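Peer 1: need a 3D model of the following:
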Amino acid sequence: MAKTSHEDLVDIQFGARATAYLASAVHAQGEDLVALAHLAQGHPHARVLDLGCGGGHVSFRAAASVHEVVAYDLSADMLAVVSSAAQQRGIANITTQRGRVETLPFESKSFDIVLSRYSAHHWHDFAAGLKEAARVLKCGGTAGFVDVVSPGTALFDSFLQAIELMRDPSHVRDYSRAEWETALAAAGLTCEATQRFRVRLDFEEWVERMKTPAVQVDAIRTLQRAVSSDVRDYFQVAEDGSFSIDVALFSTFKRNLETSSSKSNSNVPR
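Peer 2: Model (predicted):
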C-alpha cells in the first residue's frame, strides 16, 4: 500500500472537488456564515486571514468590509477556484496563499482578524493550528472559528466520527464545545461568545460532494439503520439518510498580555 501523508490526502480529497465546494449551498450560505462574516464588519482598514478557506465563501463575505483578505488553504486547486471566482465577482482585495495551518508563513501579529469555517476538523494538529492562528493575530485582534461540533456524549460522538470518516478519509475529528474552549484557551485566545446552529444535510449532496465510493455510502446507510433510535432521533436521520448536525461559532480575541502584565505588576508593592 502506497504511503500518503495526511496533508497529501487532504489535497487529494479536496483538490478535485474545489468547484463543488464553491457551488455547495451548505458552504455558500447559512446563519453561521453570516455571523462569522459579521466579525469583520466595521473594520475597513483590517487585514484578514481566512484560514482553510475552501471555496472562499468567508473571504468573499469579509472582503466587502475590510482592506485585505488573505485566503489560505492547503489545496492549490481550491485557491485557483477562489482567485477565479473573486475575479469574476469583481473582488480585488483578496489574495491567496498555500500552506499548512500548523506552520503559517506569516509574521507574528500581522493580521487584525483571523476567520475559519469548516476547516479545523481536517487539521492534522488542532492545537498547533490554533496556536499559529493566535501567533499571527495582533494583540486585541478578533478570531472566529466555525465548525461542526461533537455532541459530547460518547454514543453520539462515536456515530458522528464514524460517518464523517467513512464519507471522507481526510476527516480528523469534530471536537466538542469543551474541547474547543480548552484548546482556544491553551492557544492564548479568550472566548467571548459561542453561538450554536443546527444544520440540515441532504444525504445525496453530502456524499456526492466528496465523491464518496458506493461501498462507503452503503456502509454509512447501514450504520444509520443499525444504530439505536436515540442516535437516529438526535441526528434527525430521515428515510433517505439526510440528517442534522451541530455547528458552533467561537468568537474569540487575543489579549494584550503586555498590558495585562503591566496592570498586574502595578499592584505589586515595591
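
Peer 1: alpha carbons of the helix or strand where Leu165 lies, as PDB, please.
Peer 2: Element membership for Leu165, per DSSP states H and E: helix 154-167. What follows is helix 154-167, C-alpha atoms only, in PDB (Å, rounded to 0.1, in the frame of the first residue of the first chain):
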ATOM      1  CA  ALA A 154     -19.800   9.200  23.800                       C
ATOM      2  CA  LEU A 155     -22.600   7.400  21.900                       C
ATOM      3  CA  PHE A 156     -23.400  10.300  19.700                       C
ATOM      4  CA  ASP A 157     -19.800  11.200  19.200                       C
ATOM      5  CA  SER A 158     -18.900   7.700  18.000                       C
ATOM      6  CA  PHE A 159     -21.600   7.800  15.400                       C
ATOM      7  CA  LEU A 160     -20.700  11.200  14.100                       C
ATOM      8  CA  GLN A 161     -17.000  10.500  13.800                       C
ATOM      9  CA  ALA A 162     -17.700   7.200  12.100                       C
ATOM     10  CA  ILE A 163     -19.900   8.500   9.300                       C
ATOM     11  CA  GLU A 164     -17.600  11.500   8.800                       C
ATOM     12  CA  LEU A 165     -14.600   9.200   8.300                       C
ATOM     13  CA  MET A 166     -16.400   6.800   6.000                       C
ATOM     14  CA  ARG A 167     -17.500   9.700   3.900                       C
END
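
Peer 1: average pLDDT across it?
Peer 2: Here helix 154-167 scores 97 as its mean pLDDT.

Peer 1: in that helix, what counts as buried?
Peer 2: Phe156, Asp157, Phe159, Leu160, Gln161, Ile163, Glu164, Met166, Arg167 (16 or more other CB atoms under 10 Å). C-betas here are computed from N, CA, C, even on glycine.

Peer 1: pull the residues that contact it.
Peer 2: The contact list for helix 154-167, computed with CB atoms under 8 Å, 6 or more residues apart in numbering, reads 121, 148, 150-151, 171, 173-174, 176, 206-207, 210, 212, 216, 219-220, 223-224, 227-228, 230-231, 234-235, 245.

Peer 1: rerun that using 7 Å as the cut-off
Peer 2: For helix 154-167, contacts defined as CB atoms under 7 Å, 6 or more residues apart in numbering pick out 150-151, 171, 173-174, 206-207, 210, 212, 216, 219-220, 223, 227, 230-231, 234.

Peer 1: mind checking what helix or strand follows that helix in sequence?
Peer 2: helix 177-187.

Peer 1: so what does that following helix touch, helix or strand wise?
Peer 2: helix 126-136, strand 189-201, strand 243-254 (3 or more CB pairs under 7 Å, 6 or more residues apart in numbering; DSSP states H and E).
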